[in-house]
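Asks: need a structure here:
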Amino acid sequence: MASFDPSLELQAVIRARLIASPELMELVPPDNVLDVTGRPERMPAVIIGEGQTLYGEFSATTTAVLHVWFQEPGLKQAKQAVGAIVGAVRVDAQRDGALRMPSFIVHDMSADRTQFLRDPHGPFSHAVVTVSAIVQEAE
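Replies: Sure thing, here's the model as predicted:
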């Protein structure tokens with residue numbers, strides 16, 4: 001495997017796929033899909049947050065945690081946005097072909113887990129999406 005972590009490249013690929021999703025862009029402006037800490041100042045927003053990589057001998061599984069924020073009394077828009085995200089990040093190399101990043105090849109990527117939360121400090125909905133990708137160093 002490479003001498004650096006693939007999660008930064010994965011973050012860039014995820015952002016590109018999210019802003020290319022017409023369904024998501026109807027709900028969240030492209031400038032509000034970003035990497036910041038804490039609750040975003042601009043709503044609605046998708047925050048590409050935490051990451052983790054598990055290395056194997058020939059490949060790695062790298063994850064990114066996305067935080068979806070809306071100012072709304074319920075969870076409707078957050079759930080709609082998560083549905084768009086799940087579709088936007090899906091990569092299946094057998095079906096669609098592998099996805100090339102600058103230093104890695106994505107063989108499989110999908111949303112593994114979603115969770116919907118109500119913010120106790122105001123009328124905000126907060127969803128968490130964990131995206132996992134199986135990557136291999138590009139030759």
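Asks: What segments of the protein are strands?
Replies: 33-34, 45-55, 60-71, 91-92, 99-100, 104-118, 124-137 (DSSP state E).
Asks: Dump those into CSV; add mean pLDDT and mean neighbour count as well.
Replies: In this view, the C-beta of every residue, glycine as well, is placed from N, C-alpha and C. Output for the strands of the chain, formatted as CSV (pLDDT from 0 to 100; neighbours: other C-beta atoms under 10 Å):
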stretch, mean pLDDT, mean neighbour count
strand 33-34, 95, 18
strand 45-55, 93, 17
strand 60-71, 96, 21
strand 91-92, 90, 16
strand 99-100, 90, 14
strand 104-118, 95, 16
strand 124-137, 95, 20
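Asks: Go through those and name the closest to Ile19.
Replies: Nearest of these to Ile19, taken as C-beta to C-beta: strand 33-34 at 5.7 Å.
Asks: Can you give the distance from the closest one to the centre of its chain?
Replies: 10 Å (C-alpha atoms, centre = their mean, to the nearest Å).
Asks: got the end-to-end distance for stretch 41-60?
Replies: Counting by C-alpha to C-alpha, to the nearest Å, you get 34 Å between the two ends of stretch 41-60.
Asks: Which residue, other than its chain neighbours, is closest to Leu66?
Replies: Once flanking residues are discounted, Leu66 sits nearest to Val129: 4.3 Å by C-beta to C-beta, 6 or more residues apart in numbering.
Asks: Check Gln71 too.
Replies: Met43 (4.5 Å).
Asks: Who are the contact partners of that neighbour?
Replies: Counting by C-beta atoms under 8 Å, 6 or more residues apart in numbering, Met43 touches 32, 69-71, 124.
Asks: The same query, at a cut-off of 10 Å, please.
Replies: 28, 32, 69-72, 124-125 (C-beta atoms under 10 Å, 6 or more residues apart in numbering).
Asks: of those, closest to Ala98?
Replies: Val28 (27.6 Å).
Asks: For stretch 9-28, which residues meet the burial criterion?
Replies: The neighbour-count check on stretch 9-28 (16 or more other C-beta atoms under 10 Å) flags 9-11, 13-15, 17-19, 21, 24-25, 27-28 as buried.
Asks: scratch that, stretch 80-97
Replies: Buried, per 16+ other C-beta under 10 Å, within stretch 80-97: 80-82, 84-85, 88-89, 91.
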